[in-house]
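[1] A structural model of the following input is requested.
(chains A and B)
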Amino acid sequence: MTAVDEPLAVLRALFARQRLGVLATHGEDHPYASLVAVVASSDLRHLYFATTRATRKFTFLTADPNVAMLVDSRSDDDVDFHGAVAATAVGAARELDGAERAQALDAFLRRHPHLRGFADAPTSALVELQVRTYYLVSRFQNVTELHME
Amino acid sequence: MGEAQTRGTPFVVPAEEMDDALAPRVGGKALALARMARAGIAVPPFIAVTTDAYGTFLDAAELRARVLFELDRKDFADMRWEEMWDAALRIRNLFLTTPLPDELRAVLAEPIAARFGETATVVRSSAPGEDSAGASFAGLHESYVNVRGVDAILEHVKLVWASLWSDGALLYRRELGLDPTRSSMAVVVQEIVAGERSGVAFSRHPENEEKALVEAVHGLNQGLVDGAVEPDRWILARRDGSVLEHRAAERHDMMAPAADGVRLVPLPVERRSRAPLADPELPLVFGLARRAEEHFAAPQDVEWTMRRDELYALQSRPITTLAGEAGDGRATYLSLRRSFDNLSALRRRIEDESIPAMVAATQRLGATDLARMDEDDLAAAARERKAEHDRWVDVYITDFIPFAHGARLFGRAYNDALRPDDPYEFADLLTATPMLSLRRNAALERIAAAIRAGDEAAAEREVTRYVAAFGDAAGDAAAEADAALAVARRLAARPAGGPAARPDRERLERRYLDAHPPEERERAAELLDLARASWRLRDDDNLYLGSLEGLLNAALEELRRRGRPVDPRLEPRRVALPSPLAGAAPTAGADEAAPAGSAAPAADGVRRQARQIVGQPAGPGLAVGRARVVEGREDLLAFEDGEILVCDAIGPEMTFVVPLAAAIVERRGGMLIHGAIIAREYGLPCVTGVPLAAELITTGDRVTVDGYLGIVVIG
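    Numbers count the residues shown, from 1 in each chain, chains lettered A, B, ... in the order given. As a prediction, the model looks like this:
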């Protein structure tokens, strides 16, 4: 990413490439992190992921919907320090149902077709993260904020 | 490592054992020498240190990641050449300060000591693909002449390795689309043949297929290769070697071996009238190039030397591109390096001719009273001022800018001698030279002192002196006085100060000189003196040129005032920043795209806000304060004590507010630019090379400047 790259384009490229993100929740007086399969809406304002309702992350996000999600392009190599891009999305999470769920599920399964069984299970929830702000980090230390107003 | 290593992937290959299969390990230069030796051409004895040794060093010292870390701070496309030079200097220092791992050292030392003992050697680059059909790195990678003893040879092998990452080599690789992280470097260590005559021979003239070309100098070849010694030049018919043309050189100097390296010395008078090659010797040299061409089945460029009438080939490479062929910027990248002798000549021209002539021109043109001229005279005066300004802009480009290499040359020599942890420590020896802008700031401090003492009359007198000494000949004297007074009043509101106490320069200077053997100290002192002149000029030249630009602008302004049309061709060419005190605004980075991170909401409802920007650390320290984005004179006059100076590019004419500033942030990058120089003088935290600094930061923003890491945090 160069200094003059459009940050939205960088984000789009990141979500086009990455399928997993790290979800950060909070509960029982401590933070908690989990890896989830994620997809972004075309306007990048919403992130969707599926989880079973019995999980700690679902319990936590239900109790406190303020969550963060980190998506990054690292390859666990030397070049990552300057080549990798990381985006932290901060916003509110909620379980979807009805038409909203159907629409989001469609997008989710286009990205993760092999997760159909998992996402369709009656015990699974489809969760939307409505993004307030992205913190986009590139070249190790360059930070741009994107406020989704 | 150990025996298996030495057998399987050898670190050192003697000339006799080199075959074509080893090309990727020993590089083209070594292989060409080996092939010539096999063909019976006299070649000085040599060995190759293979790319395996380079790779082992990088891995063992974990240098790959560290090199990448230096190089990838910013995208290549965002980096100015000055930043590339800085990155290359830091990388070079990594190589210098990282010792060879013991095991590798032992494996390399044994065959090198056995082969060369205390014999003087040349340590040359031999990167695989270095001189291929499409590329020639000749001169971009390093060679070191007259290196003795295994310790010195191994140190120079490291320097040759580091030259894979020199600014010129990096830029050239980028042009060729080569990935430097995939490049490797072998090194040739070759016994030196101290020839009395040397040169190059092209078996085919680069510009004419029918002809061949021989160049020759007295002394070592280094003089010709570096451009320090003008060669005699013969054009020959390729068909039969007959001489078509001989252009004799002005023979003054020759390159000779010195205690450490080579030295330009005066050519003994009796040899000056003699061409380096006698007529019967020409066919020998041409014949060598022809033999090389036949052997390699392609026209060759052969470096040769002659010792006691015995002719040696030093290296041979294919003639790659025709001179002047489009798309190959190697010549430009080569010009990024200048020798001491080249720079000394440049200095004499600048100090003895250019600067006095510029000052005289400024005085002469400034002495005319535009207001009293009739229209024809005024138009003529504008044209004259334009012509004068153009002339000095040209000199600025051809002489002044390249002279900045003096400080760089010293920086490398300083780091070679002292291997400091901070690769910019050398700058401490250059600062506090009497720069014009510092003298001007001292004059402002005198006004402030008078104000502090409540002596308004004395303050008035100091202001008058200030305007007389530093005001623009054509500028508005009253406005200059107001500006000076405004800044001095703010200065007066704080305790008396000035440039920060710098490290003890005398001690540093002694340490630098003591790091050289006694016979080298005079030369080391000369280089320091050259570097100081170079450092000083980087500040002063803009002021001199700014004065001439001010004069031109004044004439154009007078034309406009009289309602006369102004021919746009009369506008000053922009290389230097205009002087805000002369009423113009500095040009912003018009070459850059619109900012990605302006704080304003965009049409898509996403508000982008740069939070943290990475530039280059150019002055250590940490400061937090209110930003003042300086785009013109008004911003300078509004500058408050303790603010952070943010600008596109700081010019010396802006530096009078620096004593008020808490830190400096600049779009332009590099350690040797004005912003970095003046920050170092005042001990201010400074970050340069911050992309779009003046666009991403707004006056009034709270800004944190981390001059240790080169990071600016907004908000």
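
[2] Identify the residue spatially nearest to B:Gly700, adjacent ones excluded.
    B:Arg626 (6.2 Å; C-beta to C-beta, 6 or more residues apart in numbering or on different chains). Quick note: C-beta positions are derived from backbone N, CA and C, even for glycine.

[3] Would you enumerate the residues in contact with that neighbour?
    B:640, B:642-644, B:700-703 (C-beta atoms under 8 Å, 6 or more residues apart in numbering or on different chains).

[4] Please apply the same query to B:Leu491.
    Counted by C-beta under 8 Å, 6+ apart, B:Leu491 has contacts B:444-445, B:447-448, B:641, B:659-660.

[5] In strands, which of those appear?
    Among those, no residue falls in strands (DSSP state E).

[6] Let me see the backbone angles for the residue most central in space within chain B.
    Taking C-alpha atoms, centre = their mean as the criterion, B:His405 is the residue nearest the geometric centre of chain B, at 4.1 Å. Main-chain torsions, B:His405, degrees, to the nearest 10: phi -70, psi -20.

[7] does it really touch B:Phe340, like I thought?
    No: the pair B:His405 / B:Phe340 is not scored as a contact, 10.1 Å apart, by C-beta atoms under 8 Å.

[8] List the buried residues in the helix or strand encompassing B:Ala380.
    Per DSSP states H and E: B:Ala380 is located in helix B:375-395. Neighbour-count burial for helix B:375-395, counted by 16 or more other C-beta atoms under 10 Å in any protein chain shown, picks out B:378-379, B:381-382, B:384-386, B:388-389, B:392-393, B:395.

[9] try stretch B:283-300
    Going by 16+ other C-beta under 10 Å, stretch B:283-300 has these buried residues: B:283, B:285-286, B:288-293, B:295-296, B:299-300.

[10] Mean pLDDT per helix and strand in chain A: which one sits at the bottom?
    helix A:80-83 (a mean of 76; mean pLDDT, DSSP states H and E).

[11] rewinding a little: for the buried residues of helix B:375-395, could you give me a markdown table that also reports pLDDT and distance to chain A?
    A markdown table is the format used below for the buried residues of helix B:375-395 (pLDDT from 0 to 100; distance: C-beta to the nearest C-beta, whole Å):
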| residue | pLDDT | distance to chain A |
| --- | --- | --- |
| B:Leu378 | 93 | 44 |
| B:Ala379 | 92 | 43 |
| B:Ala381 | 93 | 43 |
| B:Ala382 | 94 | 38 |
| B:Glu384 | 95 | 42 |
| B:Arg385 | 95 | 37 |
| B:Lys386 | 95 | 35 |
| B:Glu388 | 94 | 38 |
| B:His389 | 94 | 33 |
| B:Trp392 | 92 | 33 |
| B:Val393 | 90 | 29 |
| B:Val395 | 91 | 33 |
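
[12] Closest one to B:Ser184 out of those residues, please.
    Distance to B:Ser184 across those (C-beta to C-beta) is lowest for B:Val395, with 41.9 Å.

[13] The helix holding B:Ala380 packs against which elements?
    Using 3 or more C-beta pairs under 8 Å, 6 or more residues apart in numbering or on different chains; DSSP states H and E, the elements in contact with helix B:375-395 are helix B:355-366, helix B:521-561.

[14] Nearest to B:Leu224, out of those?
    helix B:521-561 (21.0 Å).

[15] Quick one: distance of the closest one to the chain centre.
    Helix B:521-561 has its average C-alpha position 18 Å from the chain's average C-alpha position, going by C-alpha atoms, centre = their mean, to the nearest Å.

[16] Likewise for stretch B:46-59?
    The answer for stretch B:46-59 is 28 Å, by C-alpha atoms, centre = their mean.

[17] is that stretch anywhere near chain A?
    No: judged by C-beta under 8 Å from any C-beta of the partner chain, stretch B:46-59 stays clear of chain A, getting no closer than 11.1 Å.

[18] CA atoms of that stretch as CSV?
    C-alpha atoms of stretch B:46-59 as CSV (Å, rounded to 0.1, in the frame of the first residue of the first chain):
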residue,chain,number,x,y,z
PHE,B,46,42.2,-14.6,-8.6
ILE,B,47,39.6,-16.6,-6.6
ALA,B,48,35.9,-16.1,-6.2
VAL,B,49,33.9,-15.9,-3.0
THR,B,50,30.6,-17.6,-4.0
THR,B,51,27.1,-16.5,-3.5
ASP,B,52,26.8,-19.3,-1.0
ALA,B,53,29.0,-17.3,1.3
TYR,B,54,26.9,-14.2,0.9
GLY,B,55,23.7,-16.2,1.6
THR,B,56,25.3,-17.9,4.7
PHE,B,57,26.3,-14.5,6.0
LEU,B,58,22.8,-13.1,5.5
ASP,B,59,21.2,-16.1,7.2
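
[19] Go through it and flag the buried ones.
    B:46-58.

[20] now stretch B:406-423
    B:406-415, B:417, B:420, B:423.

[21] average pLDDT across that stretch?
    In this model, stretch B:406-423 has a mean pLDDT of 89.

[22] Please name the residues that touch A:Val36.
    A:20-23, A:49-51, A:57, A:69.

[23] ok, A:Gly98 - how many residues close by?
    Per other C-beta atoms under 10 Å in any protein chain shown, the neighbour tally for A:Gly98 reads 7.

[24] what about A:Val143, which helix or strand?
    strand A:142-148.

[25] what's that strand in contact with?
    A:1, A:3, A:7-8, A:11, A:44-45, A:91, A:131-138, B:596-597, B:601, B:605-614.

[26] Could you give me the PyMOL syntax to select whichever of the residues you listed are buried?
    For the buried members of the contacts of strand A:142-148, the matching PyMOL selection, counting by 16+ other C-beta under 10 Å, is:
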select buried, (chain A and resi 1+3+7+8+11+44+45+91+131+133+134+135+136+137+138) or (chain B and resi 596+597+606+607+608+609+610+611+612+613+614)
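
[27] Mind checking which of the contacts of strand A:142-148 land in helices?
    A:7-8, A:11 (DSSP state H).
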